[in-house]
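In: Predicted model follows, preceded by the sequence.
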Amino acid sequence: MQARLTDRDPLQLDSDLVLVPFFRERPLGPLASAFDAALEGAISRMQGERELLGDFPERTVLPTLGRIAAHRLLLLGLGRPEQLDGYRLRNAVHLAVRDSRRFASRVGVLLDRPLLEAVAAAEPLAGTPEAVVRAVAEAVVMGNHHLGQLKSQDEPGEVTELELVGAGAGPELARALEQGVALGEATNRARWLQWQPGNRLTPTDLAAEAERIAARDGLELELLERAEMERLGMGALLAVARGSHEPPKLVSLRYRPEGPAGDERVLALVGKGITFDTGGISLKPNAGMVQMKADMSGAAAVLEAASLIGQLRPGLQVLAVAALTENMPGGGATKPGDVVRAMNGKSIEINNTDAEGRLVLADALGFAASRGATHLVDVATLTGSAVTAVGYPVSAAMGTSPELMEWLRRAGALAGERIWPFPLYPEYDLALRSDIADMRNTSGTTPAGAINAAVFLRQFTSELPWAHLDIAGSAYHVDSEWARLVPRGPSGVMARTLAHLPSEMTGERPS
Ligand code: BES
Ligand code: MN
Ligand code: ZN
């Protein structure tokens with residue numbers, strides 16, 4: 001997709017379609033008003049007659065019948081300005097592009113004054129014109145993503161030319177635009193990986209994808225096969241892989257900033273990469289199991305974040321680690337009650353083989369620490385409990401370092417990805433006491449499943465500053481009601497947030 005910024009008169013935009021964002025019960029901005037005047041008040045008349053309400057994310061296409069250069073307008077309701085954040089803005093634009101790309105390949109977007117003001121008020125961190133330009137570019141690219149990749153006849157259409165009007169122009173904005181396109185494309189690659197069925201994206205396939213990323217974006221690759229995992233004592237990861245015919249892989253990508261090493265810190269991004277989760281011997285019920293093809297969403301996020309970090313080149317060393325295996329109930333599978341030892345020497349009673357994510361993460365966290373990480377962030381579709389607690393529009397965060405949690409929150413705001421903290425009070429430790437081993441992998445009846453999982457993971461963090469993101473809800477949804485507000489299918493969540501995290505840590509964040 002070609003993207004450019006322009007300060008020319010919006011009435012001269014000769015796109016197939018111009019997106020005109022506007023708010024509920026608020027006057028049109030100056031740019032939209034100019035369109036309204038050129039169309040002899042058609043837009044304000046529709047508002048007056050309550051045909052256009054501006055509810056989120058109302059979409060109305062208006063042919064312009066030759067009165068202005070653009071062929072059509074898409075009036076995009078953004079709801080109430082005080083409720084607009086980066087997440088809602090991206091979802092609205094994403095849905096608008098997805099709906100119209102069939103007939104509109106050259107698209108303009110009006111960045112009118114009320115929009116710029118609303119975003120700035122909602123989240124000052126992400127409210128600069130640069131951040132809005134980046135957000136809209138990301139959203140348009142995400143709107144191009146299509147799900148029918150394996151259909152023999154699929155003609156989704158796409159936006160090939162994008163023009164943004166109203167934010168001004170200049171080198172800073174041009175850089176933001178370019179970054180937005182790259183961030184959107186990486187998000188789409190993560191979504192593509194998530195959507196791949198289990199038979200088409202095995203641990204071997206995902207490791208091959210990591211190799212391609214390393215080659216393309218200038219990262220160092222380390223790939224562990226089963227034999228090396230055995231040598232390193234990764235009994236937890238290996239326990240999950242036992243039930244499958246597909247070999248497990250542990251892949252890591254290292255980014256080194258150029259120039260003299262000033263910053264001693266090494267940020268590890270650790271992703272859960274279960275390419276299919278049947279539950280193992282603790283087999284899942286049939287309903288919804290197909291969604292477990294996306295149980296590698298954490299791995300997709302850290303790999304695509306590493307790709308972006310290779311492109312954005314922050315001044316901090318980053319290590320992305322993905323623990324890849326299937327969770328299957330084959331003849332060699334781990335049985336409930338089996339006890340294994342993780343890389344850090346701790347013994348684990350596996351009382352439920354469906355709590356496999358925390359097992360593979362235990363060894364991936366141990367591995368990251370052994371390779372020099374000073375800060376750990378893991379990301380995983382870890383618990384149904386997180387979905388129950390917060391649903392789809394936000395990721396749950398837990399951790400041991402308020403500083404790291406704050407960097408993450410800020411990176412999330414910049415990315416338009418919401419992050420909300422859950423507590424880790426000491427009482428929760430009770431859940432994982434085992435009679436036979438150092439711990440068990442699931443609680444019996446103690447509630448707070450998302451937190452119990454984090455309490456387990458904390459045992460493998462080598463007391464480094466650590467944050468855990470449970471993206472079980474935010475990574476993926478196929479709920480037809482939610483699809484009205486949040487695009488259906490995989491979201492690629494946390495690829496962008498984690499890509500912004502290093503520059504949040506160094507303070508070189510973009511304006
Ligand atoms: N991959 C699942 C969690 C999940 C559930 C992700 C729904 C996305 C949507 C995970 O491996 C799992 O099975 N977790 C169990 C843990 C339980 C056995 C303690 C769960 O949440 O039920
Ligand atoms: Mn599971
Ligand atoms: Zn799982």
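Out: Yes, it's here. Ligands and ions are numbered 1, 2, ... in the order given.
In: I'd like to know which elements the helix or strand encompassing L206 is packed against.
Out: Element membership for L206, per DSSP states H and E: helix 203-217. Applying 3 or more CB pairs under 8 Å, 6 or more residues apart in numbering; DSSP states H and E, one finds that helix 203-217 contacts strand 220-224, strand 249-255, strand 266-277, helix 297-312, strand 317-327. In this view, the C-beta of every residue, glycine as well, is placed from N, C-alpha and C.
In: List the contacts of the residue of the stretch 51-200 of the chain found nearest ligand 2.
Out: In the stretch 51-200 of the chain, no residue comes nearer to ligand 2 than G198, which is 13.5 Å away by CB to the ion. Going by CB atoms under 8 Å, 6 or more residues apart in numbering, G198 touches 275-276, 292-293, 326.
In: From those residues, pick the one nearest R72.
Out: K293 (37.1 Å; CB to CB).
In: Nearest to A450 among the contacts of G198?
Out: For the contacts of G198, the closest approach to A450 (CB to CB) belongs to M292, at 17.4 Å.
In: would you say the closest one is within a strand?
Out: No. Counting by DSSP: H, G, I helix; E, B strand; the rest coil, M292 is not part of a strand but helix.
In: quick one: contacts for the residue nearest to it when sequence neighbours are not counted?
Out: The shortest distance from M292 to any non-neighbouring residue, by CB to CB, 6 or more residues apart in numbering, is to D277 (4.1 Å). Contacts for D277 were tallied using CB under 8 Å, 6+ apart; they are 284, 292, 295, 326-327, 354, 356-357.
In: Go through these and name the one nearest ligand 2.
Out: Lowest distance from ligand 2 to those (CB to the ion) belongs to D354, with 3.9 Å.
In: Could you double-check that the closest one sits in contact with M289?
Out: No. In this structure D354 lies outside contact range of M289 using CB atoms under 8 Å: 10.9 Å.
In: who has more neighbours, the two?
Out: Neighbour count, other CB atoms under 10 Å: between D354 and M289, D354 has more, with 20 against 14.
In: Any idea how many residues pack against the residue in the stretch 301-450 of the chain positioned nearest to ligand 3?
Out: Shortest the stretch 301-450 of the chain-to-ligand 3 distance, computed as CB to the ion: residue-wise this is G357, at 4.4 Å. G357 is flanked by 28 other residues according to other CB under 10 Å.
In: residues in contact with it?
Out: G357 touches 272, 274, 277, 295, 380-382, 453, counting by CB under 8 Å, 6+ apart.
In: what about 6 Å?
Out: 272, 380, 382 (CB atoms under 6 Å, 6 or more residues apart in numbering).
In: Which one (most neighbours) among the contacts of G198?
Out: Counting by other CB under 10 Å, top hit in those: T275 with 30 neighbours.
In: I figured that residue hits M296, correct?
Out: Yes. Between T275 and M296 a contact is recorded at 5.0 Å, counting by CB atoms under 6 Å.
In: quick one: contacts for A305?
Out: So A305 contacts 269, 495, 498-499 (CB under 6 Å, 6+ apart).
In: Same question for A355.
Out: Listed by CB under 6 Å, 6+ apart, the contact partners of A355 are 441-442.
In: Could you report the separation of it from A454?
Out: According to CB to CB, to the nearest Å, A355 stands 12 Å off from A454.
In: coming back round to it: who does the residue nearest to M292 bridge with?
Out: N327 (DSSP bridges).
In: Look up how far G298 lies from it.
Out: 12 Å.
In: what's the single longest helix in the chain?
Out: When the chain is parsed with DSSP state H, its longest helix is helix 171-195.
In: what about it, average pLDDT?
Out: Averaged across helix 171-195, the pLDDT comes to 98.
In: hmm, back to that, next, the buried residues of the helix holding L206.
Out: Neighbour-count burial for helix 203-217, with 16 or more other CB atoms under 10 Å as criterion, is recorded at 203, 205-207, 209-210, 213-214, 217.
In: ok, those vs ligand 2, which is closest?
Out: Checking the buried residues of helix 203-217 against ligand 2 with CB to the ion, the nearest one is P203 at 15.6 Å.
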